[in-house]
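**Q** Give me a model of this one.
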Amino acid sequence: MLDFIVLSIHFFLCFLISIAIWRGAKDADLHSSSTGTAETGADGLVFIGKEEDIKKSGRITAKIDGREIVVFYHEGKLHALDSRCYHEGGPLCQGEIEDIDGQACIVCPWHKFKITLETGEGLYEGINPLQPSPTPQWQSKGVKQRIHKLTIDNGSVYVCPPDLSISFDSDYFAEKYKTGGELAMGK
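**A** Presented below is the predicted three-dimensional model:
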């Protein structure tokens, strides 16, 4: 009977610890500072942070009308895209940037999907079986990830709200995690 009580207490403590972890800080991010909810100006542009802060951290996350975006600073350029991968919603803010065939790409930490920072194209390595000796080459799946237009004014970085009349594969997960709370911002 004592074993049963000890085992029950053990499971109860594990349950409490998992609840504490689950309800932990929502805006924590291994690679970035988070600006939380952004401020919208009269011109429709949304302030997401100071250029110098983004350069120092290499990336930040922000919410635009509840939609999570991530802004990367890579090789002297700023790039903004939906923070959730088009494939299964992986947190791109935790991914590593790699150069693939001359293009800067974010690699999703969940399934290693590669997305160009410049255009949002999904890349894959494939072969053409019709070639005499097929060798793998990088190819495009098409634009899968929504990118966001950035504007810099006096050291402040602004993003244009997305044009939702055009859809992208990443829109599904952007919407899903919009109200996710515990699912949001890199969790």
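**Q** correct me, but Arg146 touches Pro162?
**A** Yes. Contact between Arg146 and Pro162 holds when scored by CB atoms under 8 Å: they sit 6.1 Å apart. In this view, the C-beta of every residue, glycine as well, is placed from N, C-alpha and C.
**Q** neighbour-wise, which of these two wins?
**A** Between Arg146 and Pro162, Arg146 has the larger neighbour count (other CB atoms under 10 Å), namely 23 against 19.
**Q** Glu88: what secondary structure?
**A** Classification of Glu88 using DSSP: H, G, I helix; E, B strand; the rest coil returns coil.
**Q** cool, Cys105 as well?
**A** Classification of Cys105 by three-state DSSP places it in strand.
**Q** so what does the host helix or strand of Ile97 touch, helix or strand wise?
**A** Using DSSP states H and E, Ile97 falls within strand 96-100. With contacts defined as 3 or more CB pairs under 8 Å, 6 or more residues apart in numbering; DSSP states H and E, strand 96-100 has these neighbours: strand 103-107, strand 114-116.
**Q** I'd like those written out as TSV, with mean pLDDT and mean neighbour count added.
**A** Shown next, in TSV, are those (pLDDT from 0 to 100; neighbours: other CB atoms under 10 Å):
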stretch	mean pLDDT	mean neighbour count
strand 103-107	97	20
strand 114-116	98	23
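**Q** Could you dump those into a markdown table with distance to Ser156 added?
**A** Shown next, in a markdown table, are the helices and strands packed on strand 96-100 (distance: least, CB to CB, whole Å):
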| stretch | distance to Ser156 |
| --- | --- |
| strand 103-107 | 24 |
| strand 114-116 | 26 |
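**Q** now for those strands, which one comes closest to Ile152?
**A** Closest to Ile152 of the helices and strands packed on strand 96-100 is strand 103-107 (CB to CB; 18.5 Å).
**Q** all helices of the chain, in order?
**A** 2-22, 51-57, 171-176 (DSSP state H).
**Q** mind listing what's buried in the last one?
**A** Spelled out, that is helix 171-176. 171, 173-174 (16 or more other CB atoms under 10 Å).
**Q** What mean pLDDT does that helix get?
**A** Averaging pLDDT along helix 171-176 yields 93.
**Q** Please consider this matter closed, and thank you.
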